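> need a structure here:
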Amino acid sequence: MCGIAGTYRWPDGKIVTDRLTDTLAHRGPDGSGRYGHPAGDGEVQLGHRRLSIIDLSETGAQPMVSDGLALTYNGELYNAPELRAELEGAGARFRGTSDTEVLLEAWRRWGTDCLPRLRGMFAFGIFDERTGELVLARDQLGIKPLFLLRRDGGLVFASELKALAAVTDLRPDPSALVASLLYYWVPDSRCAFREAEKLQPGSWMRFRPDGRVERGRYWNLKDVASEGRDRARAGEQPDLAAIVEESTKRHLMSDVPVATFLSGGLDSSYLTALAARHQPGISAYTIGFRAEDAKFEAMPDDLRYARQVARRFGVDLHEIEIAPNVLDLLPQMTYSLDEPIGDPAAINTYLICQAAREAGVKVMLSGMGADELFAGYRKHLANMIALRYQRVPRPLRRGVSAAVDRLPVATSRRGLRSVRFAKRFLSFADLPEETAFRRSYTMYDQQELLALLDPDLAGTVDDVLTEHADVYEDNDLDDFVNRMCLGDARMFLPGLNLTYTDRSSMAASTEVRVPYVDVEVVKAAFAFPGDRKIVGRQGKAVLKEAATSILPREIVYRPKGLFSAPLRAWMSRDLAPLVREVINDGELVRSGFLRRDALRRLAAADAAGQSDYSKHLWHVLTLEYWYRDATSGSAQSTRPTA
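Model (predicted):
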């Protein structure tokens with residue numbers, strides 16, 4: 001795992017690439033390198049920061065140059081041993097044991113045709129000295145990031161957006177900020193800064209010395225989902241337990257210690273148990289919160305389940321109690337995350353990875369992705385229940401809604417989770433499918449978002465909502481559950497969960513691997529119909545069935561855990577003064593982007609305990625800090641207007 005950067009036909013490319021690479025030092029504290037070569041009427045410069053995981057010797061150093069090819073690469077290939085054997089059989093010779101060398105030789109033999117053969121997480125740039133062409137590529141599912149900026153026929157690229165912002169003036173993109181308010185993250189299709197863009201998952205771009213640019217897509221989740229549906233219709237039944245175990249075993253490949261996240265929930269417990277089978281005595285890390293915070297938030301006691309799993313499988317469990325100074329962590333996390341992301345789980349990831357790194361652990365396994373692929377979120381079940389709820393007579397539904405609306409979401413001493421869930425459910429239960437699904441996990445409905453924003457951005461709101469509908473409806477599936485899973489795998493997973501996992505872990509110089517977000521697991525996931533994923537009131541039913549092969553039933557079928565933070569407690573205590581400051585005198589309000597009166601209404605309703613807007617207000621804080629940083633330079637001081 002590393003940080004990559006580079007320039008192509010860009011002014012002062014050597015100096016710029018060094019600055020890009022320096023900005024990414026946290027991603028690779030074990031070494032750095034740079035390569036340069038003429039490219040048409042300019043030059044190419046490739047930079048690299050190394051976090052040594054496989055082949056710790058200098059034979060794994062980057063940029064790697066061999067017989068006219070130069071590669072800067074971030075990631076891991078879990079099928080590198082098989083590819084190496086095939087390439088050796090075709091005459092390739094290797095100096096070391098790194099997967100970097102395998103990738104370089106695979107490219108030499110197959111070019112872009114090697115991409116669908118790669119099983120892992122990756123983003124890379126590869127330059128051909130003979131043709132003067134540079135190709136950028138990103139993994140199938142968007143696990144690893146790659147940002148780029150094109151200007152006047154030149155290119156600059158890097159693993160993180162902050163690196164691009166360090167070498168050229170960038171202005172906030174209002175459409176991305178509107179999308180961020182809606183989702184509390186920025187979709188992969190948009191970028192928080194104008195001009196900059198993200199290379200899309202499963203795609204590549206080729207830059208030629210004459211200025212021509214070619215794009216290609218080598219993998220598409222929509223096609224995978226359709227193929228899975230066809231397999232299900234044909235009666236094919238993947239052996240999910242074997243596929244998940246095989247993926248977990250491959251993800252343990254490392255020349256340095258590997259540990260796991262262990263929240264005590266199904267996904268992390270299953271991975272930890274499988275990892276312990278193949279690597280006895282493996283370490284795991286879990287978190288807890290201050291007792292008063294957890295009580296106020298009505299958070300489940302996940303820690304006892306994590307301890308139970310650790311005892312049963314001989315895991316060395318490290319418990320971290322989080323009582324963070326959120327006033328210090330908020331600006332730090334905003335900087336690390338690159339874009340305005342309002343999920344406090346990023347703090348958990350960072351603190352766990354930081355503790356693991358201090359103990360000498362460089363690699364962690366995470367259960368990320370299982371909820372999206374196997375319908376494990378409450379929103380999936382809630383949307384299924386909403387279909388039945390819509391058959392209830394309308395007068396009765398109106399009465400239920402009025403009664404729930406009068407209930408508080410919190411008392412002075414604790415939150416009322418059941419009321420929060422009921423209010424959330426009723427906010428979308430009567431809506432059409434796509435709108436209901438969007439509303440079940442986003443922050444605002446259309447009118448609420450319009451009331452919060454500069455009126456000139458009304459058209460942008462329409463564009464953002466239309467984009468969601470376009471992505472959600474872009475499939476030929478006849479299965480509601482799998483339509484939701486596909487929407488999550490295309491938007492929610494790469495836009496939020498994989499993004500904050502990458503940035504938070506790499507901020508602590510730690511690699512996080514995600515065995516569920518593996519091409520073979522994904523193929524298997526969409527080969528199960530929705531009625532195998534949600535059975536009765538059980539989400540992730542087919543994964544739970546697989547997990548019973550190793551986990552006790554009391555772990556598999558326990559109530560769903562939370563990998564979150566006690567936001568209501570933080571808002572009512574630690575962060576209340578900051579919320580008032582941002583509403584009264586924040587840059588977003590002063591610029592006119594957000595409306596002060598609408599923010600005051602949110603804060604008042606939340607403080608009164610009538611509605612739960614803690615997540616909304618947390619995200620306003622993250623957006624405010626991000627915007628302050630983004631507009632702090634004189635060249636970037638313009639407001640985000642449409």
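
> tell me where the stretch 151-300 of the chain has strands.
Secondary structure of the stretch 151-300 of the chain by DSSP state E, counting those that start in this stretch: the strands cover 154-158, 196-198, 203-207, 213-217, 258-261, 283-289.

> okay, those, which one's buried deepest?
Mean neighbour count (mean count of other Cβ atoms under 10 Å) peaks for strand 258-261 among the strands of the stretch 151-300 of the chain, with a mean of 27. The C-beta positions use only the backbone N, C-alpha and C, and glycine is treated the same way.

> follow-up on the earlier one: could you dump the strands of the stretch 151-300 of the chain into JSON lines with mean pLDDT added?
Conversion of the strands of the stretch 151-300 of the chain to JSON lines gives the following (pLDDT from 0 to 100):
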{"stretch": "strand 154-158", "mean pLDDT": "97"}
{"stretch": "strand 196-198", "mean pLDDT": "97"}
{"stretch": "strand 203-207", "mean pLDDT": "98"}
{"stretch": "strand 213-217", "mean pLDDT": "98"}
{"stretch": "strand 258-261", "mean pLDDT": "97"}
{"stretch": "strand 283-289", "mean pLDDT": "88"}
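
> reformat those as CSV; add distance to Ser180.
Below are the strands of the stretch 151-300 of the chain laid out as CSV (distance: least, Cβ to Cβ, whole Å):
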stretch, distance to Ser180
strand 154-158, 21
strand 196-198, 14
strand 203-207, 23
strand 213-217, 26
strand 258-261, 26
strand 283-289, 26
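
> quick one: which of those is nearest Ala565?
strand 283-289 (7.3 Å; Cβ to Cβ).

> tell me what that closest one is packed against?
Counting contacts by 3 or more Cβ pairs under 8 Å, 6 or more residues apart in numbering; DSSP states H and E, strand 283-289 is packed against strand 258-261, helix 302-313, strand 316-322, helix 345-358.

> pick the most deeply packed of the ones you listed.
Mean neighbour count (mean count of other Cβ under 10 Å) peaks for strand 258-261 among those, with a mean of 27.

> neighbouring contacts of that strand?
By Cβ atoms under 8 Å, 6 or more residues apart in numbering, the list of residues contacting strand 258-261 from outside reads 252, 268, 271-272, 275, 279, 282-286, 315, 352, 356, 361, 363-367, 512.

> how about the CA coordinates for that strand, as CSV?
What follows is strand 258-261, C-alpha atoms only, in CSV (Å, rounded to 0.1, in the frame of the first residue of the first chain):
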residue,chain,number,x,y,z
VAL,A,258,-1.8,-8.6,9.9
ALA,A,259,-4.6,-7.9,12.4
THR,A,260,-8.4,-7.4,12.1
PHE,A,261,-11.1,-5.0,13.1
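
> list the strands paired with that strand, with their directions.
Here strand 258-261 is paired, per DSSP bridges, with strand 283-289 (parallel), strand 363-365 (parallel).

> can you pull the poorly scored residue ranges out of the stretch 501-642 of the chain?
561-564, 633-642 (pLDDT under 70).

> so how many other residues sit close to Ala605?
Around Ala605 there are 15 other residues, counting by other Cβ atoms under 10 Å.

> Phe437: neighbour count?
As a measure of burial, Phe437 has 24 neighbours, counting by other Cβ under 10 Å.

> contact partners for it?
Residues in contact with Phe437 (Cβ under 8 Å, 6+ apart) are 379, 383, 428, 472, 484, 487.

> correct me if wrong, but the third one is in a helix.
Meaning Phe428. No: assessed with DSSP: H, G, I helix; E, B strand; the rest coil, Phe428 is coil; it does not lie in a helix.

> which residue, other than its chain neighbours, is closest to it?
Arg439 (3.8 Å; Cβ to Cβ, 6 or more residues apart in numbering).

> could you do the last one as well?
Using Cβ to Cβ, 6+ apart and skipping the chain neighbours, the partner closest in space to Gly487 is Tyr472 (4.7 Å).

> distance between the helix or strand hosting the one you found and the chain's centre?
For Tyr472, the host element (DSSP states H and E) is helix 458-473. Helix 458-473 has its C-alpha centroid displaced from the chain centroid by 21 Å (Cα atoms, centre = their mean, to the nearest Å).

> check which element follows that helix along the chain.
Following helix 458-473 toward the C-terminus (DSSP H and E): helix 480-487.

> listing request: residues of the stretch 201-350 of the chain with sub-threshold pLDDT.
290-301, 323-324.

> one more time with 80
Applying pLDDT under 80 to the stretch 201-350 of the chain flags the ranges 288-302, 321-327.

> wait, doesn't Arg138 sit right on Phe147?
No: in this structure, Arg138 is not within contact of Phe147 by Cβ atoms under 8 Å, at 10.5 Å.

> if we can go back for a sec, closest to Ser32 out of the strands of the stretch 151-300 of the chain?
Nearest of the strands of the stretch 151-300 of the chain (Cβ to Cβ): strand 154-158, 13.7 Å.

> CA atoms of that closest one as PDB?
The C-alpha atoms that make up strand 154-158 are tabulated as PDB, following Å, rounded to 0.1, in the frame of the first residue of the first chain:
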ATOM      1  CA  GLY A 154      -1.100  18.300 -19.500                       C
ATOM      2  CA  LEU A 155      -1.900  16.000 -16.600                       C
ATOM      3  CA  VAL A 156      -1.300  15.800 -12.900                       C
ATOM      4  CA  PHE A 157      -2.500  12.800 -10.800                       C
ATOM      5  CA  ALA A 158      -2.200  11.600  -7.200                       C
END
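
> the inter-axis angle of it versus strand 213-217?
On the basis of axes from the mean of the first three to the mean of the last three Cα atoms, to 10 degrees, strand 154-158 is oriented at 40 degrees to strand 213-217.

> given strand 154-158, what are its sheet partners and their directions?
strand 2-8 (antiparallel), strand 147-151 (antiparallel).

> okay, these in CSV with mean pLDDT and distance to Tyr305 next?
Output for the strands paired with strand 154-158, formatted as CSV (pLDDT from 0 to 100; distance: least, Cβ to Cβ, whole Å):
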stretch, mean pLDDT, distance to Tyr305
strand 2-8, 97, 35
strand 147-151, 97, 38
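
> okay, those, which one's buried deepest?
When the strands paired with strand 154-158 are compared using mean count of other Cβ under 10 Å, strand 2-8 is most buried, at a mean of 29.

> can you tell me which of the helices and strands packed on strand 283-289 is nearest to Trp204?
With Cβ to Cβ, the closest approach to Trp204 among these belongs to helix 345-358: 28.7 Å.

> ok, and what's touching that closest one?
Contacts of helix 345-358 (Cβ under 8 Å, 6+ apart): 259, 261, 283, 285-287, 318, 320, 322, 324, 326, 329, 333, 336-337, 364, 500-501, 503-505, 507-510, 512, 563-565.
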